[in-house]
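# sequence plus the predicted model coming up.
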Amino acid sequence: MSSKNPIKFGTDGWRGIIAEDFTFENVRICAQAVALYMHQSGLAKRGLVIGYDSRFASKEFASAAAEVISANRIKVYLCDKIEPTPVISYGVVAKKAGGAIVITASHNPAKWNGFKIKSQDGASAPTAVIAEIEKIVESVFNSGTVKRLPLSEAIDKGLVEYTDLYPAYRAQIARLVDLEGIKKARLKIAIDSMCGAGGGYFKKLLEESGGEIIELNALPNPAFPGMKQPEPIAVNLAALSEVIKSEKADAGLATDGDADRIGVMDENGSFLTQLQVYALLALYMLEVRGEHGAIIKTITTTAMLDKLGKIYNVPVYEAKVGFKYVAPLMVEHNAMIGGEESGGYGLRGHVPERDALLAGLCFLDFMVKTGKKPTQLLKDLYDRVGEHHYDRVDIEFAEERRTTITERVRNSHPKTLDGMEVVKEDNIDGFRYTLADGTWLLIRFSGTEPLLRIYAESNNPQRVKRLLEAGRKIAGAELQSIKTQQLAERSVIKEKKSL
């Protein structure tokens, strides 16, 4: 056993390099900590759901976790196949379980895997719970005391039960979305599941559809061929774009590795940014569904939501990055929608968690109910709130440079950006600069990867590009150029030397 505990929970669970940090030994330590927490919190008697994605050895890691949880006399509902994270999240509610463990690294590159913890309401475990589990992890790591019960024996004793969570999930989705209406519209939709856990799910949910579902990368492949990582952003969706254009599809949808994040392309094969999609989904809830209630956004999401809030007289609350911050606010305010820049959106009436499948179906329902194409929906949105454009650049850095970069940004205090006055500066989560016209620039570290992220939103794409360049200079990232999502050129830039 390593002398130093490598298990540190970030924005959404613990993630590590497979066979380096993410090992069976460390997964068992995490599982033992979860078991102890469940006993301490009185949740053990309700049992635990365990699911997994399509990554290398995820099924085996899930089985290892099940052996530990069952050895601690906690009933395990173990998924009988690869499942999307939102299906597992809803499975917690359907089973009335005390929570869930999901073996997934979401959108990270193939060499990563991860350990997500879900609360009893199916949401990402809140920070207070994660903090307590981390303390227990440290204790277990130091003691080396982990209980194990062979899986076959646990099954024989009734402590592990294989379960299919899809039927309950589909029934829930049918309550939330007009599936029959979408079927009758006979849409042609291109789907890219990015070789992840969402493969085949849109087709199943729209089974016997009068339209046509064209699937790309529907089969699981832990190598995620042809993409740096299974993240539904423009740079990874060139093939989807070409299919939309060649097949004259009505729209395109893409899901990340565990299908809790959605990417959307319009009928021309152009990528809609995550901020555009979030604002469109909020407009759908307000206009089509007639919902009225709070909107929860992270600081990386769009100012269009604030404008919609004023137009429709609904409150908008802001949170740090991570759905573990969004979910509690959704519950507290009975919010109609919550979301974040990564493409994760949750809706009222469902678990307070990201669900790419539900979000994608709602987008299709928006098209059907209005009879409009994605480009027309975006125009309608802009007619209400004005034109908004957004992009993000990711910069890989050497971990030993983190403090230097942080201090450099903290001490910068720019008075103007792109020739306009900075009227507000805050460090709620990273370093954000708001300009006089509502334009904003944010610099922050990723909570799941060794990346510095720079975000910007403004009224035209040229300003966004200039703001990203300004952010890069503030951070000290001496690059020759920035490649953006919007132009399908974004890349992760290695600059260990320059940072």
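On my side now, so go ahead. Small disclaimer: the values here were computed from a predicted structure and weren't measured. Residues are numbered from 1 along each chain as shown.
# only C-alpha atoms from now on, for both contacts and neighbour counts.
OK.
# just to check, residue 86 is in contact with residue 352?
No - in this structure residue 86 lies outside contact range of residue 352 using Cα atoms under 8 Å: 10.1 Å.
# quick one, which of these two is more surrounded?
residue 352 (28 against 24; other Cα atoms under 10 Å).
# surely that one touches residue 344?
No - here residue 352 does not reach residue 344: they are 11.1 Å apart, not a contact under Cα under 8 Å.
# and stretch 93-109, what's buried?
93, 95-109 (16 or more other Cα atoms under 10 Å).
# swap in stretch 310-330?
Going by 16+ other Cα under 10 Å, stretch 310-330 has these buried residues: 314-330.
# return the subset of these lying in strands.
316-319 (DSSP state E).
# tell me how many other residues surround residue 419.
Neighbour count for residue 419, taken as other Cα under 10 Å: 8.
# can you pull the contacts of it?
For residue 419, no contacting residues are found, by Cα atoms under 8 Å, 6 or more residues apart in numbering.
# ok, now residue 56?
110, 222-223.
# now with 10 Å?
18, 104, 110-113, 221-223 (Cα atoms under 10 Å, 6 or more residues apart in numbering).
# so it versus residue 195, what's the distance?
12 Å (Cα to Cα, to the nearest Å).
# could you check how far residue 193 is from residue 244?
Look at residue 193 and residue 244: by Cα to Cα, they are 15 Å apart.
# how about the one helix or strand residue 467 maps to: buried residues?
Using DSSP states H and E, residue 467 falls within helix 461-475. By neighbour count with 16+ other Cα under 10 Å, helix 461-475 contains the buried residues 461, 463-465, 467-472, 474-475.
# dump the residues you listed into a markdown table; add distance to residue 380 and pLDDT as well.
A markdown table is the format used below for these (distance: Cα to Cα, whole Å; pLDDT from 0 to 100):
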| residue | distance to residue 380 | pLDDT |
| --- | --- | --- |
| 461 | 19 | 93 |
| 463 | 23 | 96 |
| 464 | 22 | 96 |
| 465 | 25 | 96 |
| 467 | 26 | 97 |
| 468 | 27 | 96 |
| 469 | 30 | 94 |
| 470 | 31 | 95 |
| 471 | 31 | 95 |
| 472 | 33 | 93 |
| 474 | 36 | 94 |
| 475 | 37 | 91 |
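# mind picking the two most distant members of those residues?
By the measure Cα to Cα, 461 and 475 form the most distant pair in those, at 21.1 Å.
# which residues touch residue 408?
So residue 408 contacts 402, 474-476 (Cα under 10 Å, 6+ apart).
# repeat for residue 6
14-16, 20-22, 26, 138, 141.
# now it: how far from residue 114?
13 Å.
# shared neighbours of those two, anything?
14-16, 22.
# before we move on, back to that, farthest pair in the buried residues of stretch 93-109?
The span of the buried residues of stretch 93-109, defined through Cα to Cα, is set by 96 and 109 at 32.9 Å.
# common neighbours of residue 56 and residue 195, please.
221-223.
# between the two ends of stretch 17-33, how far is it?
Stretch 17-33: ends 20 Å apart by Cα to Cα.
# so what secondary structure elements neighbour the helix holding residue 467?
Packing contacts for helix 461-475, counted by 3 or more Cα pairs under 10 Å, 6 or more residues apart in numbering; DSSP states H and E, involve strand 389-396, helix 402-410, strand 416-417, strand 440-445, strand 451-458.
# whatever helix or strand residue 102 lives in: what's the following helix or strand?
Element membership of residue 102 [criterion: DSSP H and E] is strand 100-103. Using DSSP H and E, the helix or strand that follows strand 100-103 in sequence is strand 112-118.
# buried sites along the next helix or strand after that following strand?
Once the chain leaves strand 112-118, the next helix or strand it forms, by DSSP H and E, is helix 127-143. Within helix 127-143, the residues scored as buried using 16+ other Cα under 10 Å are 130, 133-134, 136-138, 140-141.
# packing partners for helix 127-143?
Helix 127-143 packs on strand 9-10, helix 24-41, strand 112-118, helix 323-333, going by 3+ Cα pairs under 10 Å, 6+ apart.
# hey, least reliable of these by pLDDT?
When those are compared on mean pLDDT, strand 9-10 scores lowest, with a mean of 86.
# distance from the chain centre to that strand, please.
Chain-centre distance of strand 9-10: 14 Å, with Cα atoms, centre = their mean, to the nearest Å.
# that one pairs with which strands?
Taking DSSP bridges as the criterion, strand 9-10 sits next to strand 13-17 (antiparallel) in its sheet.
# can you list contacts of the partner strand?
6-9, 21-23, 26-27, 30, 101-106, 108-118, 124-125, 130, 324, 447-449.
# and that strand with helix 127-143, angle?
50 degrees (axes from the mean of the first three to the mean of the last three Cα atoms, to 10 degrees).
# can you give me the strands in the stretch 151-300 of the chain?
160-163, 188-192, 212-216, 251-255, 262-265, 271-272, 295-298 (DSSP state E, counting those that start in this stretch).
# return the residues in contact with residue 207.
179-180, 183, 201, 213.
# biggest separation within these, which pair?
Between any two of the contacts of residue 207 (Cα to Cα), the greatest distance is 16.0 Å, for 180 and 201.
# who's more crowded, those two?
residue 201 (19 against 14).
# pLDDT score for the more buried one?
Taking residue 201 on its own, its pLDDT is 96.
# these two touch, right, it and residue 83?
Yes - assessed by Cα atoms under 10 Å, residue 201 is found in contact with residue 83 at 9.5 Å.
# quick check: neighbours shared by these two?
Joint contacts of residue 201 and residue 83 (Cα under 10 Å, 6+ apart) are 166, 259.
# assumed residue 49 was part of a strand.
Yes - counting by DSSP: H, G, I helix; E, B strand; the rest coil, residue 49 is part of a strand.
# so what's it up against?
66, 75-79, 88-89, 91-93, 95-102, 118, 120, 160-163, 165.
# can you pull up the bridge partners for it?
residue 77, residue 100.
# that one and residue 340, how far apart?
Taken as Cα to Cα, the span from residue 49 to residue 340 is 25 Å.
# kindly reformat the contacts of residue 6 as TSV containing distance to residue 272.
Output for the contacts of residue 6, formatted as TSV (distance: Cα to Cα, whole Å):
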residue	distance to residue 272
14	30
15	28
16	30
20	36
21	36
22	34
26	39
138	42
141	44
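# between the buried residues of stretch 93-109, which sits nearest residue 268?
residue 107 (25.2 Å).
# distance between stretch 155-172 and the chain's centre?
That offset, for stretch 155-172, works out to 24 Å (Cα atoms, centre = their mean).
# just the buried residues of it, please?
Here stretch 155-172 shows 155, 159-161, 163-166, 169, 172 as buried, counting by 16+ other Cα under 10 Å.
# ditto for stretch 352-372
Those would be 352-369, for stretch 352-372 by 16+ other Cα under 10 Å.
# avg pLDDT for it?
Per-residue scores along stretch 352-372 average to 98.
# using CSV, write down the CA coordinates of that stretch.
Output of stretch 352-372 as CSV, limited to C-alpha atoms (Å, rounded to 0.1, in the frame of the first residue of the first chain):
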residue,chain,number,x,y,z
PRO,A,352,-32.2,16.6,-8.5
GLU,A,353,-29.4,15.5,-10.8
ARG,A,354,-28.0,15.8,-14.3
ASP,A,355,-29.8,13.7,-16.9
ALA,A,356,-28.7,13.9,-20.5
LEU,A,357,-31.4,11.5,-21.7
LEU,A,358,-34.2,13.6,-20.1
ALA,A,359,-32.7,16.9,-21.3
GLY,A,360,-32.3,15.5,-24.9
LEU,A,361,-35.9,14.4,-25.0
CYS,A,362,-37.1,17.7,-23.7
PHE,A,363,-35.2,19.5,-26.4
LEU,A,364,-36.9,17.2,-29.0
ASP,A,365,-40.3,18.0,-27.3
PHE,A,366,-39.5,21.7,-27.6
MET,A,367,-39.1,21.2,-31.3
VAL,A,368,-42.2,19.2,-31.7
LYS,A,369,-44.5,21.4,-29.5
THR,A,370,-43.4,24.6,-31.4
GLY,A,371,-43.0,23.0,-34.8
LYS,A,372,-39.6,24.8,-35.0
